[in-house]
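Let's see this in three dimensions:
(4 chains)
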Protein chains: 4
Amino acid sequence: MKSSRLEAFSDGVIAIIITIMVLELKAPEEANLKGLLSIAPVFIGYLVSFAYVGIYWNSHHHLFQITEKVNGKILWSNLHLLFWLSLIPFTTSWIGENHIKSLPVALYGFVFLMSGIAFLMLKMQILNTHDKSAPIYEMIGSHKKEHLSLVVYIVGICFAFVNTNIAIICFMGVGAIWFLPDRRIERNN
Amino acid sequence: MKSSRLEAFSDGVIAIIITIMVLELKAPEEANLKGLLSIAPVFIGYLVSFAYVGIYWNSHHHLFQITEKVNGKILWSNLHLLFWLSLIPFTTSWIGENHIKSLPVALYGFVFLMSGIAFLMLKMQILNTHDKSAPIYEMIGSHKKEHLSLVVYIVGICFAFVNTNIAIICFMGVGAIWFLPDRRIERNN
Amino acid sequence: MKSSRLEAFSDGVIAIIITIMVLELKAPEEANLKGLLSIAPVFIGYLVSFAYVGIYWNSHHHLFQITEKVNGKILWSNLHLLFWLSLIPFTTSWIGENHIKSLPVALYGFVFLMSGIAFLMLKMQILNTHDKSAPIYEMIGSHKKEHLSLVVYIVGICFAFVNTNIAIICFMGVGAIWFLPDRRIERNN
Amino acid sequence: MKSSRLEAFSDGVIAIIITIMVLELKAPEEANLKGLLSIAPVFIGYLVSFAYVGIYWNSHHHLFQITEKVNGKILWSNLHLLFWLSLIPFTTSWIGENHIKSLPVALYGFVFLMSGIAFLMLKMQILNTHDKSAPIYEMIGSHKKEHLSLVVYIVGICFAFVNTNIAIICFMGVGAIWFLPDRRIERNN
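Numbering: from 1, shown residues only, chains lettered A, B, ... in the order given. Just a heads-up that it's a prediction; the model follows:
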């Protein structure tokens, strides 16, 4: 099967995930600066989650750029990734409403961790459909960046129960690693 | 007419159906474990319905993979299927709010039953546009899996008024049958 | 410019329009037949509007099936059509909540009337980009069905202030005319 | 990388942005003219924002019509544009609820200003991937219209704190400039 429809469906789901978060940004009742500032935490949460979902869309785009054929396992691995991404609006909204407390911050990180694991599983399923000698192995055969991310997420989740600021710095750090898409894929396309 | 636009439109509708269910997952007021547990039933409902809609998307993808041309009847059969699928967020939300009672469980199964019938009708309309000797008949010409599903749904709906747990086991059972997409289609694409 | 992106964007907007109407279907508080019956008017409104939006998607699909190139005027005519279609969830929800009263019914018809006019304008813009001798003129050059629809809509809107049932019969009648897509296009594709 | 998936994703996000604004149009409680008039300001806000988002979709469509390849920087410039566009439903809703006051009007203009800057940045990233002698430079190499728009937006934002009517006239004026897509692109495609 071709990957075009998997890409179109993922685009649709990610577009909706990224956009429904803005529904949480409710217009403040007061038409002044105080009203505007009252929604600042929700806005920052939106900004961070928008960037995160954007990073995933970017990575997904790069990944399927070099994928030629998909099978049932890849379809399900992709749905598994979309499931975890679809929970980001929920965890974002819990943080936004409760400001920065341990459990919401830990859950925020947990959904990122599971999304990271799901992305790695998807990548491995795609690699499995190719020969070990195919150029895709040279391009995405290393999982260093993924493994590092998962470790930092776990550290961040643990810190959420000690100091939420350190936890958030961990999560931001992973975002920064991924902000730059993989040059090896880009060079070849 | 080519099937590409029908697929794109269906992808859009299914992407929205699968994603708007997460809007029901409202952030709990309390930032602790008690708050998180309070939304557990809604979360499980979301998980099951996500899997179900994912199964339909997968089956739809496999079906149109082997469909070359569409006509007006296929367009309407497809809209008919999307109509029933679009009711899944509603039945999911009714179960989630009322926990597990007879009528919501029966209605949950009824929408699955109607989606199953609509899928079978769509499949038959697609078969009708081909010669009886076409390879598509060998691949999807048998409706055993569909007929079995419909019978199990009906049994489950009846049990909803006796024992809701048995009803839910029936519905899960059908999901398990469909989790694995049709190998005959995959082999040929 | 090719029409593929215009079609994809329209598919997205129409998919969202058709799906957000289901958000109006709120799960009833009671888990019994009385609760279910209480949302019956909203459900019927959803069903009718789903069918109507489905008819428009179908007609749009048929129209662009025979359109090869688009220009800025066609892009804007298409956005104009999408604007009126996007109001259908609003008018549907007003009818659903207020049952069947004069002004909501008239407005419901008015949005259908404007959608019909917008569709006719779009069709004419598309015809304008072709030579009068092109086969598209033979296929969609006649506007009899469109003109009849507009007249019946206007009659229905007037009747909304006298007898809402007659108004609704008028609107349903137009739907019935359009349910069958144009055979002339299908035969040629 | 090809631009097709970037276009599909942008279409999805823009389709959702343009459509979720209609969710703000809540059915009035009264089924009469008074009820209908009570939502007039929200409706006008919807109309203006629909037109604005439509203009952006149109310009985006024209821009990528002549873009052949995309890279990581273009993907991020595009996400940056979508971020600002995604805030339009929020600023629209703040104006709609508070009628026309200084801060909401200024913020409304500010999001338009940032969208305009993001669009210009995206255009420049696309130009950077081409030779200075490529035909794209002749078609979109001039940024006069963009620079004029940004100046008018800034003027409008300043006036929001003096006279909101003048501010709104400024914002409408920019819309009018962009309503007509670039003839140079259309002629060549």
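
element containing the closest residue to chain B within chain A?
Closest contact between chain A and chain B, by C-beta to the nearest C-beta, is at A:G12 (3.2 Å). Glycine gets a C-beta too; all of them are placed from N, C-alpha and C. In the assignment (DSSP states H and E), A:G12 maps to helix A:4-20.

same for that helix, what does it pack against?
Helix A:4-20 sits against helix A:40-65, helix A:72-86, helix A:88-98, helix B:4-20, helix B:40-65, helix D:4-20, helix D:72-86, with contacts defined as 3 or more C-beta pairs under 8 Å, 6 or more residues apart in numbering or on different chains; DSSP states H and E.

okay, the fourth one in PDB with CA atoms only?
Written as PDB, here are the backbone C-alpha positions of helix B:4-20 (Å, rounded to 0.1, in the frame of the first residue of the first chain):
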ATOM      1  CA  SER B   4      -9.000   9.900  -4.400                       C
ATOM      2  CA  ARG B   5     -11.400  12.700  -3.300                       C
ATOM      3  CA  LEU B   6     -13.800  10.300  -1.600                       C
ATOM      4  CA  GLU B   7     -10.800   9.000   0.300                       C
ATOM      5  CA  ALA B   8      -9.600  12.500   1.300                       C
ATOM      6  CA  PHE B   9     -13.100  13.500   2.400                       C
ATOM      7  CA  SER B  10     -13.500  10.300   4.400                       C
ATOM      8  CA  ASP B  11     -10.100  10.800   6.000                       C
ATOM      9  CA  GLY B  12     -11.200  14.300   7.000                       C
ATOM     10  CA  VAL B  13     -14.400  13.200   8.600                       C
ATOM     11  CA  ILE B  14     -12.800  10.200  10.400                       C
ATOM     12  CA  ALA B  15      -9.900  12.400  11.600                       C
ATOM     13  CA  ILE B  16     -12.400  14.800  13.100                       C
ATOM     14  CA  ILE B  17     -14.600  12.000  14.600                       C
ATOM     15  CA  ILE B  18     -11.500  10.400  16.300                       C
ATOM     16  CA  THR B  19     -10.300  13.700  17.600                       C
ATOM     17  CA  ILE B  20     -13.400  15.500  18.800                       C
END
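
Check which element follows that helix along the chain.
Beyond helix B:4-20 toward the C-terminal end (DSSP H and E), the next one is helix B:33-38.

Show me which positions of that following helix end up buried.
Residues B:G35, B:L36 are the ones in helix B:33-38 that count as buried (16 or more other C-beta atoms under 10 Å in any protein chain shown).

hmm, that helix touching chain A?
Yes: Helix B:33-38 is in contact with chain A by C-beta under 8 Å from any C-beta of the partner chain, via B:L33, B:G35, B:L36.

pLDDT averaged over that helix - what is it?
Taken as a whole, helix B:33-38 has an average pLDDT of 87.

And for it, what's in contact with it?
For helix B:33-38, contacts defined as C-beta atoms under 8 Å, 6 or more residues apart in numbering or on different chains pick out A:L103, A:L107, B:P28, B:E29, B:E30.

tell me the contacts of the residue of chain A closest to chain B?
B:D11, B:G12, B:I14, B:A15, B:I16, C:G12, D:G12.

What parts of chain A come near chain B?
Residues of chain A lying near chain B (C-beta under 8 Å from any C-beta): A:1, A:5-6, A:8-9, A:12-13, A:15-17, A:20, A:23, A:71-72, A:75-76, A:79, A:82-83, A:86-87, A:89-90, A:93-94, A:96-98, A:101-104, A:107.

Apart from its neighbours in sequence, what residue is nearest A:V174?
Using C-beta to C-beta, 6 or more residues apart in numbering or on different chains and skipping residues adjacent in sequence, the residue nearest A:V174 is A:S149, 4.7 Å away.

so who does that neighbour touch?
A:G116, A:V174, A:I177, A:W178.

Could I get the pLDDT score of A:V42?
pLDDT, read off for A:V42, is 83.

Distance of it relative to B:K145?
47 Å (C-beta to C-beta, to the nearest Å).

quick one, which of the two is more surrounded?
A:V42 (19 against 15; other C-beta atoms under 10 Å in any protein chain shown).

so who does the nearest residue to that one once chain neighbours are set aside touch?
Nearest residue to A:V42, sequence neighbours excluded (C-beta to C-beta, 6+ apart): A:G96, at 4.1 Å. By C-beta under 8 Å, 6+ apart, the residues touching A:G96 are A:E24, A:P41, A:V42, A:G45, A:Y46, B:A27.

Adding distance to A:Q125 as columns, could you present the residues you listed in CSV?
Output for those, formatted as CSV (distance: C-beta to C-beta, whole Å):
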residue, distance to A:Q125
A:E24, 33
A:P41, 38
A:V42, 36
A:G45, 32
A:Y46, 32
B:A27, 33
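
can you tell me which of those residues lies nearest to chain C?
Comparing the contacts of A:G96 against chain C with C-beta to the nearest C-beta places A:E24 closest, at 15.4 Å.

Next, work out how far apart the closest residue to the residue of chain A closest to chain B other than its chain neighbours and B:I100 are.
Of all residues not flanking A:G12 in the chain, B:A15 sits nearest, at 3.2 Å (C-beta to C-beta, 6+ apart). Going from B:A15 to B:I100 by C-beta to C-beta gives 28 Å.

these two touch, right, A:V155 and A:F171?
No: with contacts counted by C-beta atoms under 8 Å, A:V155 stays clear of A:F171, the gap being 10.1 Å.

And the two? Which one has more around it.
It is A:F171, of A:V155 and A:F171, that has more neighbours when counted by other C-beta under 10 Å, with 21 against 14.

residue in chain A nearest to chain D?
Nearest residue of chain A to chain D (C-beta to the nearest C-beta) works out as A:A15 at 3.2 Å.

tally of neighbours for that residue?
Residues lying near A:A15 (other C-beta under 10 Å) number 28.

My read is that it contacts D:I16, right?
Yes: with contact defined as C-beta under 8 Å, A:A15 counts as touching D:I16 (6.0 Å).

Distance from stretch A:15-32 to the middle of the chain?
20 Å (C-alpha atoms, centre = their mean, to the nearest Å).

next one: stretch A:141-159
Put simply, stretch A:141-159 sits 13 Å off its chain's centre (C-alpha atoms, centre = their mean).

Can you name the residues that contact the residue nearest to A:K73 when sequence neighbours are not counted?
Spatial nearest neighbour of A:K73, excluding adjacent residues (C-beta to C-beta, 6+ apart): A:Q125 at 5.1 Å. Contact partners of A:Q125, counting by C-beta under 8 Å, 6+ apart, are A:K73, A:I74, A:S77.

The contacts of A:G96: which two are farthest apart?
By the measure C-beta to C-beta, A:Y46 and B:A27 form the most distant pair in these, at 13.6 Å.

more crowded one of these two?
A:Y46 (25 against 20).

hang on, isn't the more buried one packed against A:T92?
Yes: look at A:Y46 against A:T92 with C-beta under 8 Å: they come within range, at 6.9 Å.

Between the two, which contacts overlap?
A:M21, A:E24.

Pull out the buried positions in the helix or strand where A:I177 lies.
According to DSSP H and E, A:I177 maps onto helix A:164-179. Buried residues in helix A:164-179, counted by 16+ other C-beta under 10 Å: A:T164, A:A167, A:I168, A:C170, A:F171, A:V174, A:G175, A:W178.

Surely the fifth one and A:F110 touch.
No: proximity of A:F171 to A:F110 does not meet the contact threshold set by C-beta under 8 Å, at 10.6 Å.

Chain C versus A:T164, what's the distance?
Per C-beta to the nearest C-beta, to the nearest Å, A:T164 is found 34 Å from chain C.
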